[in-house]
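K.L.:
I would like the atomic coordinates for the input below:
(one chain, ligands or ions: 1)
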Amino acid sequence: MIERARVMTEDTISQIATPHGAGGIGIIRVSGEDALGVARRVFRPAAGGTLGDMAPYTARYGHIVAADGTVIDECILLYMRAPHSYTGEDTAELQCHGGAVVLREVLLRTWEAGARPAEAGEFTKRAFLHGRLDLARAESVMELIAAKSTRAAHAARERLAGAFSHAVTDIRTQILGAVAHIEAGIDFPEDDIPAASAEHLAAEIDAASAAVRRLLAGADTGRILRDGVKTVIVGRPNVGKSSLLNALLGMERAIVTDVPGTTRDIIEEEISVAGIPLRLLDTAGLRAAEDAVEQIGVARTEQHLTDAELILAVFDASEPLTAEDHALLARLSAAAADIIILCSKEDRPSVLSAEDFAAVAAPVLRISAQEGTGLDALREEIAAHIVQREGDLSDGALPNKEREIEALRRAEAHLAAAAETLAADLGTDFVSIDLRAAYDALGEILGETVDTDLIDRIFSEFCIGK
Ligand SMILES: Nc1nc2c(c(=O)[nH]1)N(C=O)[C@@H](CNc1ccc(C(=O)N[C@@H](CCC(=O)O)C(=O)O)cc1)CN2
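P.N.:
Predicted coordinates for the structure are as follows:
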């Protein structure tokens, strides 16, 4: 177990904090007891003199100089004094020109001057260890950085501000109240609490339990905001699936990730529709495949259809439905996901109508990826489906990680056990044990009761310089 806020930071770390590549300005962050010392060694104020006892949250203009005194770059130095900084430690920021080579040179200079390279996530890890951020809030820093849509960013921002952590803390406080209630009653004869107190206690446990369940109910939404709605584009070959993907990407491209594979494999992209992140998968055409590679592609498509949250089924409106189209419609009528049927190639004379799709309960939209028609209506329809399924997606008080969901489930189980033990009159000591277990499970979410290895693992997934 770690003891937060009691961690001594004997070493001073530094790293480039801005994105790598060319930028207007690049920042090197130096954090730790000797941050100002490192700054003194590498930075020469233009106004002359020394940095002396630089006042916190002030800046100086000057130059980064090599050990032999030659100038490496022009720089603005910003100084923050512990505990009033992001990490909670003394911090010096060297704001230099944002070139990859320049920043590397300045970074090496800080290492030469006594700092050591910061590991991935180490600044935020220090913020956590100094008690400035709990674990859920610290993780939301990376979620904010990685957010691919406005709503995802909003949710991450709320988590960073503590919306989720406060909800968890409130439940812990409630549970602690119930424990205090029992412990006050422990002096009662025969370890028994009066009926009125037992009733009150049962109500407290119930309330905590209901609050945990409310958080769990938001897990799906939390995950969607983090990972995106899994949306699968299906249809037989050449109906315009890829054109649709490209048209949607062209309009609202966020971050593009091509999952490598054969041409018959699945292409995955991330887009934002009405601020909601979508994981969009363009699948191999569904048909009776002849060769082995294509069969694998079709099998994967089947798998993705099974766990899709939204299916965009594409049909070529310029041709009558084929046997493959009918097979797909039959498959869709059994799908659990929301479905939107798209009649593509609307720029050509259309031979399909809504009656052709009567077997599937889904809206039918007409689009032309070529001409860009119908795409706005499609985005509105997608947004409407998601809002209907998930409600308001802007709440940051949602669990969004397996680790959090699992801890909430355990807390719920311990609270249920506490309620049962109480109802069965098995002795208040046992109720108290269950309540403490629920309290600790919730504490794991905040990083209060987790081991060092887990903490290290979580922060090592952060980016360098964060
Ligand atoms: N230059 C710079 N910009 C940045 C960061 C940074 O580290 N450096 N941040 C890094 O992610 C974010 C801001 N996060 C921060 C959080 C707390 C403090 C801080 O010094 N807090 C003190 C002082 C508060 C005050 O003066 O009112 C405190 O809370 O005690 C600084 C940055 C975004 N912008």
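K.L.:
does the residue of the stretch 301-450 of the chain found nearest the ligand belong to a helix or a strand, and which?
P.N.:
Residue nearest to the ligand within the stretch 301-450 of the chain: Gly396 (16.9 Å; C-beta to the nearest ligand atom). The way it works is simple: take the backbone N, C-alpha and C, and place the C-beta from them, glycine included. In this assignment (DSSP states H and E), Gly396 forms part of neither any helix nor any strand.
K.L.:
Could you report the distance from it to Leu144?
P.N.:
10 Å (C-beta to C-beta, to the nearest Å).
K.L.:
Mind listing the shared neighbours of these two?
P.N.:
Shared contacts of Gly396 and Leu144, defined by C-beta atoms under 8 Å, 6 or more residues apart in numbering, are found at 156-157, 160.
K.L.:
Can you select the buried ones from those in ChimeraX?
P.N.:
Only the buried entries of the shared contacts of Gly396 and Leu144 go into this ChimeraX selection, using 16 or more other C-beta atoms under 10 Å:
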select :156,160
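K.L.:
Among the shared contacts of Gly396 and Leu144, which lie within helices?
P.N.:
156-157, 160 (DSSP state H).
K.L.:
Give me the neighbour count for Pro56.
P.N.:
15 (other C-beta atoms under 10 Å).
K.L.:
May I ask which helix or strand encompasses it?
P.N.:
Applying DSSP H and E, one finds Pro56 in no helix or strand.
K.L.:
List the contacts of it.
P.N.:
If you count contacts by C-beta under 8 Å, 6+ apart, then Pro56 has 79-81, 84 around it.
K.L.:
I'd assumed Ser368 was in contact with Ser318.
P.N.:
No - using C-beta atoms under 8 Å, Ser318 is not in contact with Ser368; the gap is 10.4 Å.
K.L.:
And those two? Which one has more around it.
P.N.:
Set Ser318 next to Ser368 and count neighbours by other C-beta under 10 Å: Ser368 wins out with 20 against 17.
K.L.:
what residues does the stretch 51-200 of the chain put near the ligand?
P.N.:
By C-beta under 6 Å from any ligand atom, the residues of the stretch 51-200 of the chain that approach the ligand are 80, 84-86, 93.
K.L.:
Narrow the residues you listed to those in helices?
P.N.:
Using DSSP H, none of these sit in helices.
K.L.:
In those, find the pair that's most separated.
P.N.:
His84 and Glu93 (13.5 Å; C-beta to C-beta).
K.L.:
sorry, back to before: which of the ones in helices among the shared contacts of Gly396 and Leu144 lies closest to His63?
P.N.:
Leu160 (35.0 Å).
K.L.:
Which residue, other than its chain neighbours, is closest to that closest one?
P.N.:
Spatial nearest neighbour of Leu160, chain neighbours left out: Ser140 (4.3 Å); criterion: C-beta to C-beta, 6 or more residues apart in numbering.
K.L.:
Quick check: that neighbour touching His154?
P.N.:
No - in this structure, Ser140 is not within contact of His154 by C-beta under 8 Å, at 11.4 Å.
K.L.:
what about Leu108, distance to the ligand?
P.N.:
For Leu108, the distance to the ligand (C-beta to the nearest ligand atom, to the nearest Å) stands at 21 Å.
K.L.:
So that residue, which state does it fall into?
P.N.:
Recorded secondary structure, Leu108: helix (DSSP: H, G, I helix; E, B strand; the rest coil).
K.L.:
hang on, the earlier thing: neighbours around the nearest residue to the residue of the stretch 301-450 of the chain closest to the ligand once chain neighbours are set aside, how many?
P.N.:
Leaving aside its sequence neighbours, Gly396 sits nearest to Glu158 (C-beta to C-beta, 6+ apart; 2.3 Å). By other C-beta under 10 Å, the residues close to Glu158 number 18.
K.L.:
and Glu158, what does it touch?
P.N.:
164, 394-397.
K.L.:
Greatest separation within these: which pair is it?
P.N.:
Phe164 and Ser394 (13.2 Å).
K.L.:
Neighbour count: the two, which is higher?
P.N.:
Phe164 (29 against 14).
K.L.:
isn't there a helix covering that one?
P.N.:
Yes - assigned with three-state DSSP, Phe164 falls within a helix.
K.L.:
Give me the local confidence score for the nearest residue to it once chain neighbours are set aside.
P.N.:
Distances taken as C-beta to C-beta, 6+ apart put Ala397 closest to Phe164, at 5.0 Å, once the chain neighbours are dropped. What the model reports for Ala397 is a pLDDT of 87.
K.L.:
Write the ChimeraX selection for whichever of the residues of the stretch 51-200 of the chain next to the ligand are buried.
P.N.:
In ChimeraX syntax, the buried subset of those is picked out as below (16+ other C-beta under 10 Å):
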select :80,85,86,93
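K.L.:
and the residues of the stretch 51-200 of the chain next to the ligand, which of them are in strands?
P.N.:
80, 93 (DSSP state E).
K.L.:
can you redo the residues of the stretch 51-200 of the chain next to the ligand as a markdown table with distance to Arg331 and pLDDT?
P.N.:
Below are these laid out as a markdown table (distance: C-beta to C-beta, whole Å; pLDDT from 0 to 100):
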| residue | distance to Arg331 | pLDDT |
| --- | --- | --- |
| Met80 | 59 | 98 |
| His84 | 60 | 97 |
| Ser85 | 57 | 97 |
| Tyr86 | 51 | 97 |
| Glu93 | 56 | 98 |
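K.L.:
picking up where we left off before, out of Gly396 and Leu144, which sits in the more crowded spot?
P.N.:
For Gly396 versus Leu144, neighbours defined as other C-beta under 10 Å are more numerous around Gly396 (24 against 17).
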